[in-house]
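*Asks:* Okay, predicted coordinates and the sequence, questions at the end:
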Amino acid sequence: MKAKRIIIQRKGLTFIEVVVALAILAVIIAVILPMFARPHIHSARISCLNHLQQVGLSFRIWANDHGDLYPMQVAKDKDDAEQAMADTSLVRIFQVMSNELSVPNTAICPADARVAATNWNSFSIANISYFVGLDAADTRPKMILSGDRDIAENGRLLSGTANLTTNRPVAWHRLLHKEGGNLLFADGSVQQVNTIQLRAVLSQTGDATNRVLFPQ
């Protein structure tokens, strides 16, 4: 008696099976990719916090040598060097603290597309990621001394000197850190805040009008 040969016929995947497989693959990619991207985003934001802390320390060291005043507060009726320091140009504010800041790279947020200057002589507005609070003082710890430059109103980045009042609808532009931004306070502390927290901070500085100078 001859044994019967059993032939198993394999069929190809159906269209529905292919679609399901592709859908599953797309979901897996969507889950995995952010996991690889998130460490970079997190690292850039932590580095930004560190840079702002160095900026805050530089302000305080500089103030200790100049009557407890920041560069933007030095009287203009003194000698030429201090008159230059009193200039509210954002470039000059950072340049006069070059000894304290050490390297121009400190003025750049790692998440910013802008690049650091190679030296302080070539330092320009394009090499700055942070705004400066013109009225911040060591004696007013809740005042905003500096922070990420991407604060916007109605979707447009603020530029030059701006008054951040408690009723002004400012928000983070999501240009740098996507989920908010970093602020440096006059007491030297640095905080990560979202838009809601940013508006709350403006109401707690002790000043109804917060004058800041942006590098745009």
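*Replies:* Received, thanks.
*Asks:* Can you name the element that comes right after the least confident helix or strand in the chain by mean pLDDT?
*Replies:* Lowest on mean pLDDT, DSSP states H and E among the helices and strands of the chain sits helix 80-86, with a mean of 52. Counting by DSSP states H and E, the element after helix 80-86 in chain order, helix or strand, is helix 90-95.
*Asks:* Quick one: list the elements packing against the helix or strand following that following helix.
*Replies:* Using DSSP H and E, the next helix or strand after helix 90-95 towards the C-terminus is helix 98-101. Helix 98-101 sits against helix 15-64, with contacts defined as 3 or more Cβ pairs under 8 Å, 6 or more residues apart in numbering; DSSP states H and E. (Each C-beta comes from the backbone N, C-alpha and C, glycine too.)
*Asks:* taking the mean pLDDT, what do you get for the helix it packs on?
*Replies:* Predicted confidence along helix 15-64 averages 74 (mean pLDDT).
*Asks:* same deal with stretch 125-133?
*Replies:* For stretch 125-133, mean pLDDT rounds to 96.
*Asks:* What are the contacting residues of it?
*Replies:* Here stretch 125-133 makes contact (Cβ atoms under 8 Å, 6 or more residues apart in numbering) with 48, 51-52, 55, 72, 90-91, 93-94, 104, 107-109, 112, 114-117, 143-149, 151, 176, 184, 186, 210-215.
*Asks:* List the buried residues in it.
*Replies:* 127-133 (16 or more other Cβ atoms under 10 Å).
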